[in-house]
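Visitor: below: sequence and its predicted model.
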There are 4 protein chains.
Amino acid sequence: MSTRATVAGTEPPAPAADAQANSTRKVILAAARGEFSAKGLTGARVNEIAARAGVNKQLIYYYFDNKAGLYQAALEAVYAEIRALERELKLGDLPPVDAMASLIGFSFDYLSSHPDFIGMLNHENALGAQYVRASIPITAGNSPLIELVAATLRRGVAAGVFRSGIDPVELYISLAGVSYFFFSNRMTLSSVFGRDLSDPKRVAAYRRHIIALALDGLRVQP
Amino acid sequence: MSTRATVAGTEPPAPAADAQANSTRKVILAAARGEFSAKGLTGARVNEIAARAGVNKQLIYYYFDNKAGLYQAALEAVYAEIRALERELKLGDLPPVDAMASLIGFSFDYLSSHPDFIGMLNHENALGAQYVRASIPITAGNSPLIELVAATLRRGVAAGVFRSGIDPVELYISLAGVSYFFFSNRMTLSSVFGRDLSDPKRVAAYRRHIIALALDGLRVQP
Amino acid sequence: MSTRATVAGTEPPAPAADAQANSTRKVILAAARGEFSAKGLTGARVNEIAARAGVNKQLIYYYFDNKAGLYQAALEAVYAEIRALERELKLGDLPPVDAMASLIGFSFDYLSSHPDFIGMLNHENALGAQYVRASIPITAGNSPLIELVAATLRRGVAAGVFRSGIDPVELYISLAGVSYFFFSNRMTLSSVFGRDLSDPKRVAAYRRHIIALALDGLRVQP
Amino acid sequence: MSTRATVAGTEPPAPAADAQANSTRKVILAAARGEFSAKGLTGARVNEIAARAGVNKQLIYYYFDNKAGLYQAALEAVYAEIRALERELKLGDLPPVDAMASLIGFSFDYLSSHPDFIGMLNHENALGAQYVRASIPITAGNSPLIELVAATLRRGVAAGVFRSGIDPVELYISLAGVSYFFFSNRMTLSSVFGRDLSDPKRVAAYRRHIIALALDGLRVQP
DNA sequence: AATGAATGAGAGTTCATTCAT
DNA sequence: TATGAATGAACTCTCATTCAT
C-alpha cells in the first residue's frame, strides 16, 4: 500500500518519509484542482477533496492550513503547468504565418485538453482575481507566450506578411478568447444552438475556422 | 394582521395589489441576478438576496419556491433581456461590412454594460448548462442574432466583399468569444499582464482591434 | 407545550409571539449562565447550552449571533442582576456598625446563593475582563454598593465609631474579597485543609468570623 | 535511529542525558503552567504548550502521557513552589503583631509576583478541585502556613495583644482572601471602578490597607 | 529522546427551508 | 402578501491523540 514498501532498502528512511509526504501533498492538490475548477472556492467541499484524494480530511489542513490556502496552491499549480508548456514552445524556425497558426493551435489544444484550467480561471475571475493578485509566483514575470506573440508578429511584419501596428497583448487576448470562449461556454452554446459542440468533428472544424479568421479575416481583399 | 387588512379601504383594490406583488417579484429578481451572477447558484445566499431586495426572506420562497427556482427565473430574465435587444437590431440598411462591424460592436458593448450576463453564463456553464437546458423558453427558437449573422454574411458574399464558406454559428461564436473573454477574464488578465483592462481607453482600443481583426485578419493580402 | 395555548384568547396574537420569543431568549440566557460560569467562554459548549435550554442550537445564533455574543449577554445579565439587588439595599436607617455588618452579610449571602456569579467573574478575569470592558451598560455608572460603603463609612466616622481615612473602594474590595475567596476557592481549600467548607455550620461560622474581623480586627485595643 | 545512538561517544554518558531529559521536562512544565493558568485544562492547547516550550508536541505525550497528566504535574509544581517558600518563613523572632503583618505581607507579595498561581487555582476550583484531590503530595501534610498562623495567634493571645477564640483556618482564609481577590479580580474591578488596580501605587496602598484592617478593623475602640 | 505524518471525534457556524401567524 | 421564529443538515476547522520511524 505504502510507497515505502516498494523501495524498501534502496532508499534511506528520512527521504522516503519526505517523498511520501510530498506525494500526499500532490495527491491532495490534484484532487483540489478537480473540485475547485468544477465548483469554485465556495462551492468546493473539503470533504469531497479529501475523498477524491483518498486521504484524511484533516491532512488537508495539516498541509494547506485552510480551504483558501489549498485553493491558492491549486491555482498556482494550474498556472505553473501552462507556463511550463509555453516555455517549451519553439516557433522560431517556422515561417511567421505557420508560427502564428501553431500558436493559435497550441492555445486551442491546451484548453481542449485541460478543462480544469478554464474552470479555475472562471471562478477566479468571479472572485475578482484576488488570489491571482496575492500570488507572487503567478504575477511575477510576464507570460512567455506574449513574448512569442510579439516576436512572431515582428518577424511577420519584417517579412511583409503581417500588418503592422498590432498590439501583441491585444492580439493575444483576442486569439485566446476565440478558443477560450468556445470551451468555456460550450455547454450553454450547445444548448442554445442545438448543436453538440463537444463532437470532435465540430471541434476540429472550429479550430480551422479560427485560424483562418485570425489570419485572413472575413473580407476578401483586392 | 396582514398589512392588506389593516389598510383595507385606503388602498386601491386588487389590480394595485397585483401591481405591487409584481414589482416585489421584480425587485427580488433584480437582486437575485446580482447575487447569482457574482457567486453562482451554490455560492449565492438567499439571505443576501433578501437583504439586497429589501424584503423578507420568506417572500422569496413565496414567489419562487426555492433557491433553484429563483436561479432559473433569473437566468431566464437575463436571456430574455438580451434577446429583446437583439430583436431590435436592424442592420439590413447598412452595407455588409458596416453591418458586420456594428454587430461586433453591439456584442462588445452589451457585454461591457451587462456584467451580470457574463457572470450568470459562466456559472451556468460550470453547472453544465443544466438550467438553460431545462428552460424551454430559451432553447425554443434560434437566436435571432445567428439569423442576422447569416443574413449579413450572405449579403457580403453576394456583394463580393466577404469570403464564402463561413459557417454563421462558428463565426458568431468566434466573434462573441473575442469580446466575452476580454470582459469575463478581465481581472486575471489585468493582473497577469500588469495592464489595467478596465481603463476606458484600453477598452476602446481593444474594441477597435477586434473589429479590424475580424474584418481583415493579420495577413497583408496581395 | 406552547405559551400561546395557555393564554389563547386573552392576549392579542402579535404580543404573544413577542412574548414567546422573549421567553426563548431568556431560557437560552439562563442556560448560558450555567454553562459559562462552570466552564468559561472557551470551555462552554454551544450544544450543551442548547440542550440545557431545550432549544434548537441554531436559535442561539439567531438570537445572539455567536458564542461570544451569548457570553457577553450572559455576563451582562449576571451583573444586571446583582446591581438590581444592590439598588434595593436600604441601610440608612441602621446605626453605622449594624449597617456595615449588614453590608458584609449581604455580600456574603449573595455569593453563597449565586455560584454562577463567581464562576462568570473568575472566567472573565482570566480573559482579562475584555468582555466587561466592551460592555457599556456594566461600566457606565459606578457600583451603587460603593456609594453605600462610602455613606456608611461617613456616618460611622461622624458618629465617632469608625476610623477615618479609609478609602471606600479599598474597603469594598477587601470586604468582598473575604467572602468571594471563601466561595470561589472553597473546593481547593476544603481539600487542602481537610475541612468541608460547604458544611452550613462552617459557612455560618465563617460569616460571623469575617464580620467580627472587619469590625474589630485582631488586636485587642487598650 | 535514536539521537543517543548516533552521538554515542561524543557525549557524556547517562547522567548528562538524564540531565537534558530532566531539563526538557522542566521546560515543558514551565510552558504548561503559563498556558494552563491562563486558560485552564480545557482551554489550554497542547500545541501551544509545545510551541511555548519549543519542543515537539509528541514529547509532551512521551513525558506526561496526556493533557490531564501534564495539568496534574503543573498543578503539583505550583503548589510545591509555594510550599517551599512558606517553609522558609521564620517569624518566631518577631513580636506577634509584626509577625502577623509580615505574614499578610508575604501572602500578598507572593500572589502579586506569581499570577500563574492564581490562574491555576481558579481553574482548578472551577473543576471542583478534582485534580488537587487526586494529588496525594498536595493534600498530605497540612499547609505549614496554617501552623504559622496558629502559632502567631497563640503568641499574640499569650502576650495580650490578640483577641482569643479566633480559628486559625478561618483567619488564614480571610487573610488570604483579601489579597487573593484583589489580584484575581483585578481586571474586572479596574474596569468596573474605573481605577487602574495594576498601578504600583494602588497596589502598595491596598497592601497597607489590608494589614491595617486585619490588625485593627474598622471600629474605633474606646 | 525526538520527530513529522496521520487520524477521529467533535466544535462553532452557516444555510436553505419550513412553521405559524 | 408578508413576517419572525424555528429547524436539521452540512460545512469548515480544531484538537487531543496515535503511528511509524
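Guide: Nice, thanks for sending it over. Given the structure is predicted, the values throughout are model-derived calculations rather than measurements.

Visitor: who's in contact with residue A:36?
Guide: Counting by C-beta atoms under 8 Å, 6 or more residues apart in numbering or on different chains, residue A:36 touches A:44, A:70, A:71, A:74, A:75, A:119, A:120, A:123. Every C-beta, even on glycine, is put in place using the N, C-alpha and C of the backbone.

Visitor: now what about stretch A:183-197, what contacts it?
Guide: In contact with stretch A:183-197 (C-beta under 8 Å, 6+ apart) are residues A:111-112, A:115, A:118, A:122, A:182, A:198, A:202-203, A:206, B:121-122, B:124-125, B:128-129, B:132-133, B:138-139, B:142-143, B:146, B:169, B:173, B:180-181, B:184.

Visitor: can I get the buried part of those residues as one PyMOL selection?
Guide: Burial among these is assessed by 16 or more other C-beta atoms under 10 Å in any protein chain shown; the matching PyMOL selection reads:
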select buried, (chain A and resi 111+118+122+182+202+203+206) or (chain B and resi 121+122+124+125+129+132+133+138+139+143+146+169+173+180+181+184)
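
Visitor: distance of the closest residue to chain C within chain A from residue D:148?
Guide: The nearest approach of chain A to chain C comes at residue A:66, 18.7 Å away (C-beta to the nearest C-beta). Counting by C-beta to C-beta, to the nearest Å, the gap from residue A:66 to residue D:148 is 56 Å.

Visitor: those two: which has the busier surroundings?
Guide: residue D:148 (23 against 11; other C-beta atoms under 10 Å in any protein chain shown).

Visitor: give me the three-state assignment for the more buried one.
Guide: State at residue D:148, reduced to three classes by DSSP: H, G, I helix; E, B strand; the rest coil: helix.

Visitor: relative to residue A:82, how far out is residue A:26?
Guide: For residue A:26, the distance to residue A:82 (C-beta to C-beta) stands at 18 Å.

Visitor: more neighbours: which of these two?
Guide: More neighbours surround residue A:82 than the other of residue A:26 and residue A:82, with 16 against 12 (other C-beta under 10 Å).

Visitor: tell me the two of the contacts of residue A:36 that are most distant?
Guide: Spanning the widest gap among the contacts of residue A:36 are A:70 and A:119, at 15.3 Å by C-beta to C-beta.

Visitor: could you pull out the helices for chain A?
Guide: Applying DSSP state H to chain A gives helices spanning A:3-7, A:13-43, A:46-53, A:57-64, A:67-88, A:96-113, A:115-126, A:130-133, A:136-139, A:144-158, A:168-184, A:186-193, A:200-216.

Visitor: now do the longest one: distance to the chain's middle.
Guide: Chain-centre distance of helix A:13-43: 18 Å, with C-alpha atoms, centre = their mean, to the nearest Å.

Visitor: so which bits of that helix are buried?
Guide: So, applying 16+ other C-beta under 10 Å, buried residues of helix A:13-43: A:16, A:24-25, A:28-43.

Visitor: just stretch A:93-112 next, same as before
Guide: Buried residues in stretch A:93-112, counted by 16+ other C-beta under 10 Å: A:96-97, A:99-104, A:106-108, A:110-111.

Visitor: can you name the residues in contact with that stretch?
Guide: Residues contacting stretch A:93-112 (C-beta under 8 Å, 6+ apart): A:82, A:85, A:89, A:91-92, A:117-118, A:145, A:148-149, A:152, A:155-156, A:159, A:161-162, A:175-176, A:179-180, A:182-183, A:203, A:207, A:210-211, A:214-215, B:218-219.

Visitor: ok, now with 7 Å
Guide: Stretch A:93-112 is touched from outside by A:82, A:85, A:89, A:91, A:117-118, A:148-149, A:152, A:155-156, A:159, A:161-162, A:175-176, A:179-180, A:183, A:203, A:207, A:210-211, A:214-215, B:218-219, with contacts defined as C-beta atoms under 7 Å, 6 or more residues apart in numbering or on different chains.

Visitor: same check, this time on stretch A:125-133
Guide: A:40-41, A:71-72, A:75, A:124, A:138-139, B:38, B:119, B:122, B:184-185, B:187-188, B:191-192.

Visitor: need the contact list for the residue most central in space within chain A.
Guide: For chain A, the residue nearest the mean C-alpha position is residue A:117 (4.0 Å; C-alpha atoms, centre = their mean). By C-beta under 7 Å, 6+ apart, the residues touching residue A:117 are A:78, A:82, A:111.
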